[in-house]
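Student: From the sequence below, what's the structure:
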Amino acid sequence: MNKNLTLTGMMGVGKSTIGKNLAKKLNYNFIDIDKLIEIKEGTSVSLIFKNKSESYFRRIEAEISLQELKGNNSVISLGGGAFLNKSIRAKAKKTSISESADDVNVAENKTVLNCFSLQDCNKPFLIAVRR
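Tutor: The predicted model follows:
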């Protein structure tokens, strides 16, 4: 069984761009937690924050993230604050290889990636051009 690859990092650092590219290269599913939340709620993340509350959003985020982390063979883009949640962090560490996208340089939507096999968990999975 192959582990998931979980991408973490703040909003706008390129998790979705990187995740889609990695999933395609690895022939994995790509899962964007924020997109799943938007589908479930029928509105954007920003409007959920505005109209419901951050705590409401975080509850939905935890529910969906923990469910998706149960699977395998997926590249999962966690929401910007998801890794602050102790349960999400513990589940991701157990079921995934995690990489922070915060330091990845995504210039003009071109990402330079070297990927190793997910089966070799002793090596860093993602080596990216760092700032």
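Student: Would you mind giving the secondary structure of the nearest residue to Lys24 once chain neighbours are set aside?
Tutor: With CB to CB, 6 or more residues apart in numbering as the measure, Phe30 is the residue that lies nearest to Lys24, at 7.8 Å, once sequence neighbours are left out. Backbone N, C-alpha and C define where each C-beta goes, glycine included. Three-state secondary structure (criterion: DSSP: H, G, I helix; E, B strand; the rest coil) places Phe30 in strand.
Student: Let me see the contact set for Phe30.
Tutor: If a contact means CB atoms under 8 Å, 6 or more residues apart in numbering, then Phe30 has Gly19, Lys20, Leu22, Ala23, Lys24, Ser74, Val75, Ser77 as its contacts.
Student: Which two of these have the greatest separation?
Tutor: The widest separation within those, taken as CB to CB, falls between Lys24 and Ser77 and amounts to 13.7 Å.
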